[in-house]
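Visitor: next comes the sequence, and after it the predicted model I'd like to discuss.
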Amino acid sequence: MKLDFIPLDKLVVSKANMRYGKKAPDVSDILPTVRSRGVIQPVIVRPNCAPDGYEIVAGSRRFHAAKIVAEERRAAGDATPEPMPCAILDDGDDAAAIEASMIENMARLDPDEVTQWENFTRLVREGRKVEDIAATFGLPDLTVKRVLALGNLLPAIRDLYRKERIDAATVRHLTMASKSQQKAWLALADDENAYLPTGHQLKAWLFGGQSIAVKHALFDVEASGIATIADLFGEDRYVADADAFWTAQNAEIEARRAAYVEQGWADAIIVPPSDHFSTWEYEKAGKRKGGRVYIDVRATGEVIVHEGYVSGKEARRIAKAEGSENGTGQKAARPEVTSTMQTYVDLHRHAAVRAALTGHPAVALRLMVAHAIGGSHLWRVSPEPQSTRNDEVRDSLDNSKAEADFDGRRRAVLAVLGFSAEEPTVTGGNGDDYGVVGIFQRLLDLPDAVVLEVIAIVMGETLAAGSAALEAVGMEIGVDMARCWQADDAFFELIRDREVLTRIVADVAGETVASANAGEKTKTLKRIVRDHLDGVGGRDRRENWVPRWMAFPPAAYTPRGGVGTVAAHAKAQAAREIERARHGDDEPDPSAPGAVIASAEPEDEADPVRLAA
């Protein structure tokens, strides 16, 4: 490589350059420097077939900036533009030229993944191996493979990804789609009235509503001949035929059930996906004591085996029988303590632990969260089912930004707690054979910040929809519905009341428009609202609109009432006002962070307890 100064008219951008064939790059950040001091760092060039010509393999942005400055000076009367400082490569090595372009560009202005794919593909065609490319650019082999896997996508999908019109999760799932499925998805993308599945909904769409990971199979998937599909990263594989999977999976489950019975267990019971095995309802028992095996089958295909359990009632009966006979026909040894003495010990230990627990709020917090997640005979916590019989409402919720955000954080919490990422909820009986104790031990290892994130998910799952508690939380946090909701087809379909719709028109378009169209059909009124929200049809765009019912605080459109959201908010507000009145303006709010709750004992006998925020 040698250095030289070459006139601008002898330079062109090489096809090996990453930015060849694209629109002129943005050079606004370097243009002032080039105007004042010229191009300081040489561009990388190599000879081409033109007489005395060279092509730029790295430095396209500096070249375009220099051309702009040359045109400006030419317009000002200076007809002799400065030559370009160049580092000249040997002719003919396309792979080296591509690498030079990529190394320089990736060190400055990161190209998008699709551009990386285009150039990595060219390097492969030039004979570079994946490991060579990874070593050259300091990337893991897997990263290069992921970028190259974009070649499985149709060009139109890659273009959408390049323009950031679809996210990485959607692209990842689309790489599992056949070419015909990709075309069908693009057709939906082009249809404004069609539902376009993205993210996790796309995976369900690709697999007909049920996606089953190969890792959950109890049988040899390869030997079974069932087709599988891998995602973009090659990390997760899914079965293409769910029915075939369940036929083979159920056969293996039945074989294992029979094997457990053969091993001497009292029974082996298959718990279907519609049910759930809750460990707190059972007690451990070995084979000799009539223990059973429970094979818990999940809808995701995962199978969890719980060995050696009997119901609580059976456990008590076994304990009673063992109290009279030890199984040999001889009288059982008398226990050290009577049942009443055991109760005495248990209750005093309970009193001591809970008194001490008041001085360890961090431990108490983790214990409470463990109970909320795993449940016990004293705790019954159920997730909000978010149930609806209306398919459009269900689709609207599933595709909402808020649900997507919550689901992403829930999956992170599932991973932290060691639960399957395919579990629909964190609460509702998750855990291992140790139940609450196992979850509690796991939470003790987590820092407070992570535990608080777990609590947010647990509380979010178990917060009742339409409740006064939800209203109180929304007001306290200051939820902005406009950030996570937009009017969709389901919303407009559910508006049937003309008076309400007229008020919505006034809300969106103003009273003048509402009065002028008061006699129009509901279809026309809905179109007016849509046009204002979209800013089409010559109407001013109305940004960040939400109906009064959904805002915090909510309100009604008519004096008729009958809005459950408003009633729930009124209850929450009344409780808030009562609490304020009870403490007065000068009294501290006990619910505020760092508030001091005084002990019931006199101050000289007990210290106050400070609750951590």
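Guide: Great, that's in hand. Numbering: from 1, shown residues only.
Visitor: where do the helices sit along the stretch 1-150 of the chain?
Guide: Assigned by DSSP state H, counting those that start in this stretch, the helices in the stretch 1-150 of the chain fall at 31-37, 60-75, 94-108, 113-125, 130-137, 141-148.
Visitor: mind telling me which of these the model trusts least?
Guide: Mean pLDDT per stretch puts helix 94-108 lowest among those, at a mean of 49.
Visitor: would you mark the buried spots in the strand of greatest length in the chain?
Guide: Scanning the chain for the strand with the most residues, using DSSP state E, yields strand 303-311. By neighbour count on 16 or more other Cβ atoms under 10 Å, the buried set for strand 303-311 is V303, H306, E307, G308, Y309, V310. The C-beta positions use only the backbone N, C-alpha and C, and glycine is treated the same way.
Visitor: F406: which of those residues is nearest?
Guide: V303 (27.6 Å; Cβ to Cβ).
Visitor: how much space between the closest one and L218?
Guide: 6 Å (Cβ to Cβ, to the nearest Å).
Visitor: which neighbours do these two share?
Guide: Q249, I253 (Cβ atoms under 8 Å, 6 or more residues apart in numbering).
Visitor: neighbouring contacts of stretch 291-306?
Guide: With Cβ under 8 Å, 6+ apart, stretch 291-306 has contacts from 210, 212-213, 216-218, 239, 245-246, 249, 253, 256-257, 260, 265-273, 276-277, 279, 282, 284-285, 307-310, 420, 422-423, 433.
Visitor: distance between it and the chain's centre?
Guide: Chain-centre distance of stretch 291-306: 26 Å, with Cα atoms, centre = their mean, to the nearest Å.
Visitor: now stretch 302-310
Guide: Taking mean C-alpha positions (Cα atoms, centre = their mean), stretch 302-310 and its chain are 30 Å apart.
Visitor: equivalent analysis for stretch 246-261, please.
Guide: Distance, centroid of stretch 246-261 to centroid of chain: 34 Å (Cα atoms, centre = their mean).
Visitor: which other residues reach that stretch?
Guide: 217-219, 224, 226, 267-270, 293, 295, 297, 301, 303, 305, 307.
Visitor: among those residues, which ones are buried?
Guide: Buried among the contacts of stretch 246-261 (16+ other Cβ under 10 Å): 217-218, 224, 226, 268-270, 293, 295, 297, 301, 303, 307.
Visitor: export those residues as CSV, with columns for pLDDT.
Guide: Listed next are the buried ones among the contacts of stretch 246-261 as CSV, based on pLDDT from 0 to 100:
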residue, pLDDT
A217, 90
L218, 92
S224, 89
I226, 87
A268, 91
I269, 91
I270, 92
V293, 91
I295, 92
V297, 89
G301, 86
V303, 89
E307, 90
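Visitor: what pLDDT does the residue nearest to the spatial centre of the chain get?
Guide: Taking Cα atoms, centre = their mean, the centroid of the chain lies closest to G408, which sits 1.8 Å from it. pLDDT, G408: 87.
Visitor: ok but it is inside a strand, no?
Guide: No - using DSSP: H, G, I helix; E, B strand; the rest coil, the assignment for G408 is helix, not a strand.
Visitor: contacting residues around it?
Guide: Taking Cβ under 8 Å, 6+ apart as the definition, G408 has no contacts.
Visitor: again, but for A227
Guide: V239, A240, D241.
Visitor: which of the residues you listed are buried?
Guide: V239, A240.
Visitor: format the contacts of A227 as a markdown table; extra columns: distance to M459 and secondary structure.
Guide: As requested, these are exported to a markdown table (distance: Cβ to Cβ, whole Å; DSSP: H, G, I helix; E, B strand; the rest coil):
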| residue | distance to M459 | secondary structure |
| --- | --- | --- |
| V239 | 35 | strand |
| A240 | 38 | coil |
| D241 | 39 | coil |
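Visitor: Y195: which of the contacts of A227 is nearest?
Guide: For the contacts of A227, the nearest to Y195 is A240 (22.9 Å; Cβ to Cβ).
Visitor: for V27, see how far away W549 is.
Guide: From W549 across to V27, the span is 51 Å (Cβ to Cβ).
Visitor: between those two, point out the one with more neighbours.
Guide: The neighbour count for W549 versus V27, taken as other Cβ atoms under 10 Å, is higher for V27 (18 against 15).
Visitor: would you mind measuring from the more buried one to V13?
Guide: V27 sits at a distance of 13 Å from V13 (criterion: Cβ to Cβ).
Visitor: great, nothing more from me.
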